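**Student:** just to be clear, the model below is a prediction. Sequence and coordinates:
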2 protein chains.
Amino acid sequence: MKSVTLKDVAKAAGVSYATVSRALSGSPQIGSETRERIIKLCDEMGYTTNYVARSMVMKKTDLIGLVVPSIDNQFMSELAYYAEMSARAHGYNIMLCNSGPDLKQEKTVVKLLLGRQVDGILIVPQSPKTYENIRAYTDQVPTVFLSENLRDQPQSYVAADNSRGTYVGTKYLYELGHRDILYFGRRHTTTHQLRAEGYMRACQELGLRQRFFNSEFSRSSVDNGYQMAKDLFANPIDYTAIFASTDSNALGILKAADELGIDIPGRVSLIGFDNIRSTDLPRINLTTIDQPKREMAVQAVDMLRDKIENGTQGYVHQILMPSLIKRGTCRALV
Amino acid sequence: MKSVTLKDVAKAAGVSYATVSRALSGSPQIGSETRERIIKLCDEMGYTTNYVARSMVMKKTDLIGLVVPSIDNQFMSELAYYAEMSARAHGYNIMLCNSGPDLKQEKTVVKLLLGRQVDGILIVPQSPKTYENIRAYTDQVPTVFLSENLRDQPQSYVAADNSRGTYVGTKYLYELGHRDILYFGRRHTTTHQLRAEGYMRACQELGLRQRFFNSEFSRSSVDNGYQMAKDLFANPIDYTAIFASTDSNALGILKAADELGIDIPGRVSLIGFDNIRSTDLPRINLTTIDQPKREMAVQAVDMLRDKIENGTQGYVHQILMPSLIKRGTCRALV
DNA sequence: AGCAAAATCGCAAACGTTTCCGACTATTTT
DNA sequence: AAAATAGTCGGAAACGTTTGCGATTTTGCT
């Protein structure tokens, strides 16, 4: 359990440990024969540099704190995957924290991350209140928000163009012949406001009536989508398509519809948003709007690296293009 | 960006920084009035203890390395969720690494984690070769394997009783009236050997013929399940049920069957293994064997904590009970 | 009131690394 | 041949914390 230190190999090599450090770091300030001798000795002795000691003097941990509401969630775990891969490719490691359901825990974990001396924080906010919740810390360490649109708030973030997503989605529905499109979902976060706005803009251009069915729940899960959809379907169905603000909600709608014998897409077409993995499953085959999760994640770590390594100060907002994924839950009307 | 240190609050309080340290750590070796005064001063000044400096002297980082093949995977992200929650509840943070597709990357990341001085490593192996692959490191730091059954190898692990899972699954199928049950899946890891064994044992007890259809792929995804299933269904269907060694494979089978017009569960019943989230989706509703992911994760970090904190040496094998989840893809034969 | 004991606090070492600066050697220049 | 220069290397400080030990003060007891 006791690991070999610089001092150990220095003693073995008969040099000072400053020399060993220089040999490893590739400093020009050292002879090439001694360097090679030391390097060989290092891996013979199984030396690996102690990053916590290194971090101490370098005042840099090469650590990025990644905080997500819950990693147990297809959307976030996909983001996390790409973020970790990209971060590690650039020499960073990821410290993962679930910010859980409440704001208190979210604040707790970013405080923890600060104590860990992370070089930067990548956070996908759990609620619109997150910005205020952790604002006291965001000026202590480079921070970028991920996936949530903060509009023009003074905070760097990368998100999909949510408004455009719903816009092209309802246009697609229109082209399929749909004239009565219901928008299903909450509008409590900026992201979801934008999604609703994209729908509204398309409706205006197309001369369509705007119809909303709002979920009052703050968390978007298939369960509450299901509950809401049962309420929805208790009323007469005077629309031919539903735009769900979220794939999870769309899945809930699908479940309710199946139970009630409402044919999708026969009776009503359905389109979701996010393109989480589950939408591509057999029998589900949900038409949806893709958020470019890979791009979002790598852009976010690039942005963060820029702040960390170059000390870039201002706030940059990166908006990525979503794309329509045509699958099986939208029917063309004759 | 410059954070306040012990020395800063010591100066402000007019005491030595040793005193401040003791005040925070709750040492009895300090007056209660000075303690409270210092503590108040600390959060006035926004002091948070620097964990890297602390780790340096304590020779303990309170860090657990979590390495998974890819966090982008429902099964692993669920494990990761519970592991992080449980770890943090006990004062540990999680350093997340994807071990990627190849053994080289897996070895690389555990070496990295060693350099990071993590107190322990939690690893869900990417292949049966993982044990050999990282054995050089597992005696340098407490390590527990997660989800993969290592049989009686000298390595602590926690896994589900895979053999029992398939055993009760095929018994269930039998009770439903099925007499021709095909086992679908690879058998290259110990875990999958055990699953196959459970099936075989049940078949022997029940007097059933054993039928196998093996996937030669090493990775279990819905895509290769789909490819294999298309091959399978090219042959005559002389069985009434399929036991898929994995939910992912089961999903692939479902896809192939739907395309070919083979009714599930009308023509053939289907049961999976793992109980990943997707199996509970509408229209999928896959009958499956649940791995108790939450229990597995918390038991794994408990085991790791025991090694870390108590220096427990030996190898302990924790086998958790799976359970049958009856859903809609298994039909009773009249 | 005097002394032992307990309580409280400061000093300084230590953890393992990086890097500035100075010292020493070998090489080149005048 | 002497001096300047370049090339190598070691000494030591520094990063921010914890903690053993000693010093000082306060308390308790007779």
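**Tutor:** That came through, no problem. Numbering: from 1, shown residues only, chains lettered A, B, ... in the order given.
**Student:** contacts, neighbours, all on C-alpha from now
**Tutor:** Noted.
**Student:** got the residues of chain A near DNA strand D?
**Tutor:** Residues of chain A lying near DNA strand D by CA under 7 Å from any atom of the strand: A:14-19, A:28-32, A:34-35, A:53, A:56-57, A:59.
**Student:** so which of those residues reach DNA strand C?
**Tutor:** Contacts with DNA strand C within the residues of chain A next to DNA strand D, as defined by CA under 7 Å from any atom of the strand: A:17, A:18, A:19, A:53, A:56, A:57.
**Student:** among those, which one lies nearest to residue B:326?
**Tutor:** Proximity of those to residue B:326 (CA to CA) peaks at residue A:53, which lies at 53.3 Å.
**Student:** show me the contacts for that closest one.
**Tutor:** By CA atoms under 8 Å, 6 or more residues apart in numbering or on different chains, residue A:53 lies in contact with B:52, B:53, B:56.
**Student:** in the stretch 151-300 of chain A, which spans are helices?
**Tutor:** Taking DSSP state H, counting those that start in this stretch, the helices of the stretch 151-300 of chain A run over residues A:162-175, A:190-206, A:222-234, A:247-260, A:293-310.
**Student:** are any of the residues of chain A next to DNA strand D buried, and which?
**Tutor:** Listed as buried from the residues of chain A next to DNA strand D are A:17, A:19, A:35, A:53, A:56; burial here means 16 or more other CA atoms under 10 Å in any protein chain shown.
**Student:** what's the next secondary structure element after the helix or strand where the fourth one lies?
**Tutor:** Taking DSSP states H and E as the criterion, residue A:53 maps to helix A:51-58. Moving toward the C-terminus from helix A:51-58, the first helix or strand encountered (DSSP H and E) is strand A:63-68.
**Student:** how about the ones next to DNA strand C among the residues of chain A next to DNA strand D in TSV, adding pLDDT?
**Tutor:** TSV is the format used below for those (pLDDT from 0 to 100):
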residue	pLDDT
A:17	90
A:18	93
A:19	94
A:53	97
A:56	96
A:57	95
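**Student:** how close does residue A:329 get to residue A:264?
**Tutor:** Residue A:329 sits 6 Å away from residue A:264 when distances are taken as CA to CA, to the nearest Å.
**Student:** more crowded one of these two?
**Tutor:** residue A:329 (22 against 18; other CA atoms under 10 Å in any protein chain shown).
**Student:** and residue A:121, what element?
**Tutor:** Here residue A:121, judged by DSSP H and E, is contained in strand A:120-123.
**Student:** so which bits of the helix or strand following that strand are buried?
**Tutor:** For strand A:120-123, the following helix or strand on the C-terminal side (DSSP H and E) is helix A:130-133. The neighbour-count check on helix A:130-133 (16+ other CA under 10 Å) flags A:130, A:131, A:133 as buried.
**Student:** returning to what we had before: closest one to residue A:126 among the helices of the stretch 151-300 of chain A?
**Tutor:** Comparing these by their distance to residue A:126 (CA to CA), the top pick is helix A:190-206, with 11.9 Å.
**Student:** packing partners of that closest one?
**Tutor:** With contacts taken as 3 or more CA pairs under 8 Å, 6 or more residues apart in numbering or on different chains; DSSP states H and E, helix A:190-206 sits against helix A:162-175.
**Student:** just for chain A, where's the confidence low?
**Tutor:** For chain A, residues meeting the criterion pLDDT under 70 lie at A:1, A:215-220.
**Student:** can you list the residues of it near DNA strand C?
**Tutor:** Residues of chain A found near DNA strand C (CA under 7 Å from any atom of the strand) are A:3, A:5-7, A:17-19, A:21-22, A:24-25, A:48-51, A:53-54, A:56-58.
**Student:** mutual contacts of residue A:329 and residue A:264, please.
**Tutor:** The contact lists of residue A:329 and residue A:264 share residue A:270, where a contact means CA under 8 Å, 6+ apart.
**Student:** looking at the stretch 101-250 of chain A, which residue is nearest DNA strand C?
**Tutor:** Nearest residue of the stretch 101-250 of chain A to DNA strand C (CA to the nearest atom of the strand) works out as residue A:117 at 14.6 Å.
**Student:** tell me the secondary structure for that residue?
**Tutor:** Classification of residue A:117 by DSSP: H, G, I helix; E, B strand; the rest coil places it in coil.
**Student:** how much space between the nearest residue to residue A:297 once chain neighbours are set aside and residue A:298?
**Tutor:** Nearest residue to residue A:297, sequence neighbours excluded (CA to CA, 6 or more residues apart in numbering or on different chains): residue A:83, at 5.0 Å. Relative to residue A:298, residue A:83 is positioned 6 Å away (CA to CA).
**Student:** what residue in the stretch 201-334 of chain A comes nearest to DNA strand D?
**Tutor:** residue A:308 (17.2 Å).
**Student:** so that residue sits against residue A:122, correct?
**Tutor:** No: counting by CA atoms under 8 Å, residue A:308 stays clear of residue A:122, with 12.0 Å between them.
**Student:** what about the closest residue to residue A:306 other than its chain neighbours, helix or strand, and which?
**Tutor:** The shortest distance from residue A:306 to any residue other than its chain neighbours is 6.2 Å, reached at residue A:312 (CA to CA, 6+ apart). According to DSSP H and E, residue A:312 maps onto no helix or strand at all.
**Student:** so residue A:312 is in contact with residue A:304, correct?
**Tutor:** No: at 9.2 Å, residue A:312 and residue A:304 do not qualify as touching, with contact defined as CA under 8 Å.
**Student:** so for the two, which sits in the more crowded spot?
**Tutor:** When neighbours are counted by other CA under 10 Å, residue A:312 and residue A:304 differ, and residue A:304 comes out ahead with 26 against 14.
**Student:** do you know how far residue A:129 is from chain B?
**Tutor:** Separation of residue A:129 from chain B (CA to the nearest CA, to the nearest Å) stands at 22 Å.
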